[in-house]
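1. what follows is a predicted protein model with its sequence.
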Amino acid sequence: MKSQFFIPALFAVIVSLVSCNSSHANPKKDIRTKKAVTVENTKIQVALLLDTSSSMDGLIDQAKSRLWNIVNTLTTLKYEGNAPDIEIALYEYGNDGLSKESNYIRQITPLSTDLDLISEKLFALRTNGGNEYCGAVIQDATKQLKWAREKSNMKLIYIAGNEDFNQGAINYKEAISDALKNDIYVNTIFCGNKTEGINILWKDGADYGKGKYFNIDSNQAVQYIATPYDDEISKCDEKINKTYINYGSKGHEKKMNQAVQDQNAKKVSNANYTDRAVSKSKAVYKNESWDLVDKVKDDATAISKLKKEELPTELQNKSSEEIKTFVAQKSKERETIQKEISVLAKKRQEYIDTESKKTKKQDDLGNTINSSIIAFAKVKGYTVEK
């Protein structure tokens with residue numbers, strides 16, 4: 001009988017102790033502070049893996065020619081009515097100027113919203129060599145880049161080149177399998193004959209990566225359609241540049257780089273420069289790291305946190321209120337110009353769409369990427385708003 005009463009009695013003692021401890025506990029100590037949950041914007045992440053071996057000058061030229069056009073396509077996408085953040089990463093591979101230990105691969109930029117940086121690094125690329133290891137560069141991009149986790153994010157790899165897809169020690173199927181585990185889709189762009197690309201496994205890579213296979217003539221110059229709105233948009237771009245207020249240790253350098261990338265786009269073609277101007281009118285083109293107008297949008301108290309020497313010379317002797325007024329004025333000017341560009345850009349795109357129907361569409365790097373982005377977006381539940 002003794003054992004029958006032992007367990008209930010013990011349980012009663014434990015309950016009593018717990019109750020007693022709870023009544024005398026410091027309520028402040030018992031409160032568990034929950035970690036703040038950061039809700040990130042939906043992201044579209046695109047990694048461009050470009051072959052920079054000796055035969056790929058045309059591919060690099062097409063990438064330079066189509067960067068801003070691709071950005072503008074990305075800005076047409078909405079998820080649940082909201083504009084997603086856009087991040088682009090660049091890799092080069094197959095260049096003998098890179099180390100053998102790295103498999104002749106270099107990460108040029110991580111996934112970044114700094115579009116001027118992407119442009120700067122893209123225009124600095126030079127071809128040389130080489131040994132093209134597709135599996136290795138896909139593996140590097142999958143493992144090294146900071147890919148978003150939520151299922152609503154769209155994550156795409158585009159690899160372009162012209163040699164056998166299965167070169168190197170890293171099996172491309174294993175590399176692509178790792179990408180798919182992270183919901184990253186792999187698209188392949190073969191620079192050459194479609195059948196040849198299929199024979200040397202570029203299509204197999206895309207099929208395995210649940211992506212699209214394309215072939216392009218990388219040596220063909222990109223064809224543009226001039227419109228009656230290009231000049232007006234270019235004039236707006238000149239005005240919008242005057243609304244940027246550099247701050248911080250790298251502010252002046254970054255502002256100068258903005259002008260350099262304007263010139264780089266202009267050297268390619270007037271249409272490319274116009275595409276860049278359209279990109280600069282969108283929310284995706286943001287420079288809060290060096291531009292005070294964007295910084296204040298991000299942090300309304302930013303001006304009070306800046307030291308005098310972090311400001312441009314013309315603002316260093318002004319009061320905080322005077323600086324706030326000046327920034328607000330520039331912000332309003334920029335919004336007005338952006339709206340003007342937006343109206344012109346819509347008319348421009350309508351003109352291009354109409355003219356494009358009259359001729360066969362060119363399969364260049366930009367068009368292949370743009371068409372697949374739109375297709376993936378629809379599958380992922382994004383809407384297209386031109």
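-> On my side now, so go ahead.
2. can you give me the helices in the stretch 1-150 of the chain?
-> Applying DSSP state H, counting those that start in this stretch to the stretch 1-150 of the chain gives helices spanning 2-24, 27-30, 57-74, 115-123, 134-144.
3. which helices and strands sit right next to the third one?
-> Counting contacts by 3 or more Cβ pairs under 8 Å, 6 or more residues apart in numbering; DSSP states H and E, helix 57-74 is packed against strand 43-51, strand 85-93, helix 115-123, helix 251-268, helix 270-280, helix 365-379. Where C-beta positions appear, they are placed from N, C-alpha and C, glycine not excepted.
4. can you redo those as a markdown table with mean pLDDT, distance to residue 357 and mean neighbour count?
-> What follows is those, written out as a markdown table (pLDDT from 0 to 100; distance: least, Cβ to Cβ, whole Å; neighbours: other Cβ atoms under 10 Å):
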| stretch | mean pLDDT | distance to residue 357 | mean neighbour count |
| --- | --- | --- | --- |
| strand 43-51 | 97 | 27 | 24 |
| strand 85-93 | 97 | 28 | 24 |
| helix 115-123 | 97 | 30 | 20 |
| helix 251-268 | 97 | 25 | 17 |
| helix 270-280 | 97 | 18 | 24 |
| helix 365-379 | 93 | 14 | 19 |
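5. make TSV from the ones you listed and add distance to residue 303 to it.
-> Below are the helices and strands packed on helix 57-74 laid out as TSV (distance: least, Cβ to Cβ, whole Å):
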stretch	distance to residue 303
strand 43-51	29
strand 85-93	25
helix 115-123	23
helix 251-268	14
helix 270-280	23
helix 365-379	38
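6. so which of these comes closest to residue 334?
-> Checking the helices and strands packed on helix 57-74 against residue 334 by Cβ to Cβ gives helix 270-280 as the closest, at 9.7 Å.
7. list of residues touching that closest one?
-> Here helix 270-280 makes contact (Cβ atoms under 8 Å, 6 or more residues apart in numbering) with 64-65, 68-69, 71-72, 75, 115, 119, 224-227, 229-230, 233-234, 236-237, 240, 261-262, 265-266, 285, 341, 345, 348.
8. okay, angle between that helix and helix 365-379 too, please.
-> Between the axis of helix 270-280 and that of helix 365-379 there is an angle of 30 degrees, by axes from the mean of the first three to the mean of the last three Cα atoms, to 10 degrees.
9. and helix 270-280 with helix 115-123, angle?
-> 150 degrees.
10. could you export helix 270-280 as CSV, CA atoms only?
-> What follows is helix 270-280, C-alpha atoms only, in CSV (Å, rounded to 0.1, in the frame of the first residue of the first chain):
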residue,chain,number,x,y,z
ASN,A,270,21.9,56.3,-77.1
ALA,A,271,19.3,53.7,-76.6
ASN,A,272,21.4,52.0,-73.9
TYR,A,273,21.9,55.4,-72.2
THR,A,274,18.1,55.9,-72.3
ASP,A,275,17.5,52.5,-70.8
ARG,A,276,19.8,53.6,-67.9
ALA,A,277,18.0,56.8,-67.5
VAL,A,278,14.7,54.9,-67.2
SER,A,279,16.3,52.6,-64.5
LYS,A,280,17.4,55.7,-62.6
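11. send me the helix or strand just after that helix as PDB with only the CA atoms.
-> Remark: after helix 270-280, the chain's next helix or strand is helix 292-298, criterion DSSP states H and E. Extracted in PDB, the C-alpha atoms of helix 292-298 (Å, rounded to 0.1, in the frame of the first residue of the first chain):
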ATOM      1  CA  LEU A 292      21.500  62.200 -48.700                       C
ATOM      2  CA  VAL A 293      18.100  62.300 -50.500                       C
ATOM      3  CA  ASP A 294      17.800  58.500 -50.500                       C
ATOM      4  CA  LYS A 295      19.300  58.300 -47.000                       C
ATOM      5  CA  VAL A 296      16.700  60.600 -45.500                       C
ATOM      6  CA  LYS A 297      13.900  58.500 -47.100                       C
ATOM      7  CA  ASP A 298      15.500  55.500 -45.400                       C
END
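12. I appreciate the help and will end here.
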